[in-house]
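J.: please find the sequence and the predicted model below.
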Amino acid sequence: AASATSSATSSATPSASASATSSASAQAEPASTCSYQASGTAARKVGLPPSKPDGTATYQATIHTNRGDVVIDLLNSKATCTVNSFVYLASKKYFNSTHCHRLTTIDPYVLQCGDPTGTGSGGPGYTFNSENLAGAKYTAGTLAMANTGTPDSNGSQFFIVYKNSKLGASYTPFGEVVKGLGIIQNVAKAGSDNANGSGDGHPKEKVVIDSVTIKKT
């Protein structure tokens, strides 16, 4: 059986075999303070998100792609600091004109995006802790953070699950697709170029994020 682990060259891609989970000292949600640690070279210099999130807000993200809009309800009350970072990066146009660089057509069934370099190793120049991992499930429509396989190595890369996945609870779920999942599923049907191994590579049908807009209520 083909393994769904990421290749050694893709240091920031999630691997389905990653056993790393966050420590038991997970903070209460919604969080009132967030900590972002400077780390690595920023693919686009945007600074650090604010340490005081708006934990009471409701956020909806629309990812505008070359194939249509994907609308996502962000789980601000369960992954406040993750949502705070995503909203911040969107406001800084960090995701504008970026390619979704990875598609897996075997479990985990994901389209991965959020790296302006398109290599799978780019990030925002900071990391932050994982959230919302207790009992985490990766059903179709889940939006979750990619990481390097070590705990609390979140940056800017995220993935959308387009078919129920058996991923272990190591990746912060922070949103649910409410419209446009079919767009991702159609891209998945077209397959990947298998650049990282069988069933894992760049999507054959290119997905470009034009911009991400946030609606706050």
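T.: It's in.
J.: which stretches of the chain form helices?
T.: Remark: helices assigned in the chain by DSSP state H are 80-91, 181-190.
J.: mind putting these into JSON lines with mean pLDDT, mean neighbour count and distance to residue 124?
T.: Backbone N, C-alpha and C define where each C-beta goes, glycine included. Supplementary listing: those in JSON lines, determined by pLDDT from 0 to 100; neighbours: other Cβ atoms under 10 Å; distance: least, Cβ to Cβ, whole Å:
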{"stretch": "helix 80-91", "mean pLDDT": "98", "mean neighbour count": "24", "distance to residue 124": "6"}
{"stretch": "helix 181-190", "mean pLDDT": "98", "mean neighbour count": "18", "distance to residue 124": "23"}
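J.: let me know which of those is the nearest to residue 159.
T.: The minimum distance between residue 159 and these falls on helix 181-190, with 10.0 Å, by Cβ to Cβ.
J.: which neighbouring elements make contact with the closest one?
T.: Of the remaining helices and strands, those touching helix 181-190 by 3 or more Cβ pairs under 8 Å, 6 or more residues apart in numbering; DSSP states H and E are strand 68-74, strand 110-113.
J.: dump it to PDB, keeping only the CA atoms.
T.: This file holds the C-alpha atoms of helix 181-190, laid out as PDB (Å, rounded to 0.1, in the frame of the first residue of the first chain):
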ATOM      1  CA  LEU A 181     -16.100  21.900  -1.800                       C
ATOM      2  CA  GLY A 182     -17.000  20.500  -5.200                       C
ATOM      3  CA  ILE A 183     -14.400  22.700  -6.700                       C
ATOM      4  CA  ILE A 184     -11.700  20.900  -4.700                       C
ATOM      5  CA  GLN A 185     -13.200  17.500  -5.400                       C
ATOM      6  CA  ASN A 186     -13.200  18.200  -9.100                       C
ATOM      7  CA  VAL A 187      -9.500  19.100  -8.900                       C
ATOM      8  CA  ALA A 188      -8.900  15.900  -7.000                       C
ATOM      9  CA  LYS A 189     -10.600  13.800  -9.700                       C
ATOM     10  CA  ALA A 190      -8.100  15.200 -12.200                       C
END
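J.: now what about it, what contacts it?
T.: Outside of helix 181-190, the residues that reach it under the criterion Cβ atoms under 8 Å, 6 or more residues apart in numbering are 65, 67-68, 70, 103, 105, 109, 111, 140-141, 160, 162-163, 177, 203-205, 207.
J.: narrow these to those that are buried.
T.: The neighbour count (16 or more other Cβ atoms under 10 Å) marks 65, 67, 70, 103, 105, 109, 111, 140-141, 160, 162-163, 177, 203, 205, 207 as buried among the contacts of helix 181-190.
J.: ok, and the closest non-adjacent residue to the residue nearest the centre of the chain?
T.: By Cα atoms, centre = their mean, the mean C-alpha position of the chain lies nearest to residue 158, the distance being 1.2 Å. Among residues not flanking residue 158 along the chain, residue 114 sits closest, at 4.7 Å (Cβ to Cβ, 6 or more residues apart in numbering).
J.: show me the contacts for that neighbour.
T.: Taking Cβ under 8 Å, 6+ apart as the contact definition, residue 114 lies against 95, 98, 146, 155, 156, 157, 158.
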